[in-house]
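Engineer: below is the sequence, then the predicted model.
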Amino acid sequence: GHLTDAPVESVYSGVVSLRGVRFCIFLAELNELQVWQTDVGNAYLEAFTKEKVYVIAGPEFPEIRGHVLVINKALYGLKSSGLRWYERFADVLRGMGFDSCPAEPEIWMRACA
């Protein structure tokens, strides 16, 4: 297949530490709060890629087979996809009034009235 150029910027996407998870559960228990978790199906497809990724349409697309296409969404396997998903997710959380924890940036909090 064809390869795209490697991203020149950092593609690091953090993960919350076990210590951070334990701390959140501790705080929830201390304050008698419920803890919820979720999974986002096809998460990377919610993020846009900044790199130009080209593919050739295969037999699955008979009308455009052989055409060169540009991928706009982050895909599993791209080096920058994790970072792009994190940026998209962070934008949504900020829009909902959440702030990233300075000590553990992958933990998000929102003040409750």
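Structural biologist: Happy to help now that I have it.

Engineer: what count of nearby residues applies to Val21?
Structural biologist: The tally of other residues near Val21 (other Cβ atoms under 10 Å) stands at 15. (Glycine included, C-beta is placed from N, CA and C.)

Engineer: helices and strands of this protein: which one bottoms out on pLDDT?
Structural biologist: The least trusted helix or strand in the chain, going by mean pLDDT, DSSP states H and E, turns out to be strand 48-56, with a mean of 85.

Engineer: show the pLDDT at Thr4.
Structural biologist: The model reports Thr4 with a pLDDT of 61.

Engineer: if I look at the spatially most central residue of the chain, how far off is Arg19?
Structural biologist: In the chain, the C-alpha closest to the average C-alpha coordinate belongs to Trp85, at a distance of 2.1 Å (Cα atoms, centre = their mean). As judged by Cβ to Cβ, to the nearest Å, Trp85 and Arg19 stand 23 Å apart.

Engineer: do the same with Glu106
Structural biologist: Using Cβ to Cβ, we find Glu106 at a distance of 12 Å from Arg19.

Engineer: so which of those two has more stuff around it?
Structural biologist: With neighbours defined as other Cβ under 10 Å, Glu106 and Arg19 compare such that Glu106 has more, 15 against 10.
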